[in-house]
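1. Sharing a model that was predicted from the sequence below.
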Amino acid sequence: MKKKNTDWGDLLFRSMNAAVLGLLALLTCFPFYYVLIVSLTDPAEFLQKRWVLWPDQWSLDSYRYLLSAKAFVRSIGNSAFLAVVGTACSLTVTSALAYALSRRRMRGRRQVQLMVLLTILFSPGMIPAYMLVRQLGLLNSMGSIIIPTLANGWSVLLMKAFFDSLPSELDESASIDGSNELRTWLSIILPLSLPALAAFGLFYAVGYWNQFFSALLYINDAKKWPIQVLLQNMLLSASNTELDANDVSTQPPPSEMLKMAAIIIATVPIVIVYPFLQKHFAKGAMVGSIKG
């Protein structure tokens with residue numbers, strides 16, 4: 001009898017747990033669903049109802065208008081450039097520095113590692129960072145976003161821990177075969193580090209794609225704005241003037257629909273990239289946590 005009551009109690013708990021988690025999932029997903037539905041609604045129907053959960057007529061007018069506006073397409077290109085070039089540069093610098101710190105025969109290794117650790121514990125602040133970017137002549141350039149964030153101290157230390165977990169015999173055998181440090185890093189270490197590179201690459205790519213504050217601080221030229229800055233200006237504006245309506249020849253949809261479509265376009269690239277890195281991501285996310 002006791003076992004039967006226990007079974008019923010366990011079933012009740014599981015049912016309530018599933019119901020609560022399902023409700024939370026619906027509440028979390030509903031804003032994304034609503035944004036997508038509004039962006040795909042016919043403009044005339046949206047102006048008539050203003051609140052649409054399932055449109056009677058579907059339309060891609062908002063997407064056509066956005067993709068025909070030079071300012072919007074240009075901002076997408078700027079964000080893509082940051083995500084691709086910035087991620088490649090950051091992965092190169094991070095992995096190279098982490099590999100150097102993992103070599104025990106490197107002179108001054110502890111001092112350099114302490115300097116990397118200090119960047120995690122202490123931040124220079126916004127004003128010194130702006131002064132540095134200005135002194136380097138990087139204002140109003142993509143370099144103002146990429147160069148100051150080339151390497152993240154936390155990522156360097158985690159990747160160093162991953163390199164520490166690799167068998168030291170790899171370096172020894174490569175050295176016996178006449179390989180130098182650069183060739184060992186490129187030909188042996190990096191191919192074995194794909195899970196770590198995929199994980200950190202995804203983190204860097206998302207960070208560069210979502211660059212907002214740095215771009216707002218360092219870039220004054222609207223033609224060099226990434227998508228997030230343009231989207232912020234669109235969301236704050238009551239109209240679609242940020243898109244430079246002279247660039248398009250069609251009648252613009254309501255500004256609310258354009259904002260929803262812009263949010264979808266800004267989100268989709270990262271959603272598309274993630275499945276290709278998923279097989280490496282779970283393993284790479286644990287990088288450095290277990291040393292065997």
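-> Received, thanks.

2. how near is residue 78 to residue 142?
-> 7 Å (C-beta to C-beta, to the nearest Å). Bear in mind the C-beta positions are built from the backbone N, C-alpha and C, glycine included.

3. Looking at those two, which one has more neighbours?
-> residue 78 (23 against 19; other C-beta atoms under 10 Å).

4. Make sure that one is indeed in a helix.
-> Yes. Counting by DSSP: H, G, I helix; E, B strand; the rest coil, residue 78 is found in a helix.

5. Next one: it from residue 204, what distance?
-> From residue 78 to residue 204 the distance is 17 Å (C-beta to C-beta).

6. Residue 124: what secondary structure?
-> coil.

7. Next, it: phi, psi?
-> Main-chain torsions, residue 124, degrees, to the nearest 10: phi -70, psi -20.

8. how about it, what does it touch?
-> Residues in contact with residue 124, defined by C-beta atoms under 8 Å, 6 or more residues apart in numbering, are residue 132.

9. Could you check the pLDDT of it?
-> pLDDT, residue 124: 79.

10. same question, the one 4 residues further on
-> Model confidence at residue 128, given as pLDDT, is 88.

11. can you tell me the helix or strand for it?
-> helix 126-135 (DSSP states H and E).

12. Packing partners of that helix?
-> In terms of contacts (3 or more C-beta pairs under 8 Å, 6 or more residues apart in numbering; DSSP states H and E), helix 126-135 is packed against helix 213-218.

13. can you list the residues that contact the helix it packs on?
-> So helix 213-218 is contacted by 126, 130, 133, 138-140, 144-145, 148-149, 225-226, 228-229, 232 (C-beta under 8 Å, 6+ apart).

14. Just these: which are in strands?
-> Residues of the contacts of helix 213-218 located in strands (DSSP state E): none.

15. looking at those, which has the most residues close by?
-> Within those, most neighbours by other C-beta under 10 Å means residue 226, with 29 neighbours.

16. pretty sure that residue contacts residue 83?
-> No. Applying C-beta atoms under 8 Å, one finds residue 226 not in contact with residue 83, separated by 9.1 Å.

17. who touches both of those two?
-> What both residue 226 and residue 83 touch, as defined by C-beta under 8 Å, 6+ apart, is the set residue 209.

18. any idea which element the most centrally placed residue in the chain lies in?
-> Centroid-nearest residue in the chain: residue 206, 0.5 Å away (criterion: C-alpha atoms, centre = their mean). Assessed by DSSP H and E, residue 206 sits inside helix 194-209.

19. how far out from the middle of the chain is that helix?
-> Its chain's C-alpha centre and that of helix 194-209 lie 7 Å apart, by C-alpha atoms, centre = their mean, to the nearest Å.

20. phi, psi of residue 41?
-> Torsion angles, degrees, to the nearest 10, at residue 41: phi -80, psi 150.

21. try residue 52
-> Residue torsions, per degrees, to the nearest 10, at residue 52 are phi -120, psi 120.

22. That one and residue 37 touch, don't they?
-> Yes. With contact defined as C-beta under 8 Å, residue 52 counts as touching residue 37 (6.0 Å).

23. in the helix holding residue 206, what's buried?
-> By neighbour count on 16 or more other C-beta atoms under 10 Å, the buried set for helix 194-209 is 195-205, 207-209.

24. So which other helices or strands are in contact with that helix?
-> helix 87-102, helix 153-165, helix 255-285.

25. related to what we said a few turns ago, now distance to residue 33 too, for the buried residues of helix 194-209, in TSV please.
-> Output for the buried residues of helix 194-209, formatted as TSV (distance: C-beta to C-beta, whole Å):
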residue	distance to residue 33
195	33
196	35
197	34
198	29
199	29
200	31
201	29
202	24
203	27
204	29
205	25
207	26
208	27
209	22
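
26. which of those lies closest to residue 62?
-> Nearest to residue 62 among the buried residues of helix 194-209, counting by C-beta to C-beta, is residue 209 at 21.0 Å.

27. show me the residues around that closest one that make contact.
-> Applying C-beta under 8 Å, 6+ apart, the residues near residue 209 are 79, 82, 83, 226, 227, 228, 269, 270.

28. Kindly provide the distance from the third one to residue 136.
-> What that stands for is residue 83. 22 Å.

29. and the angle from the helix holding residue 206 to helix 153-165?
-> Orientation check (axes from the mean of the first three to the mean of the last three C-alpha atoms, to 10 degrees): helix 194-209 against helix 153-165 gives 170 degrees.
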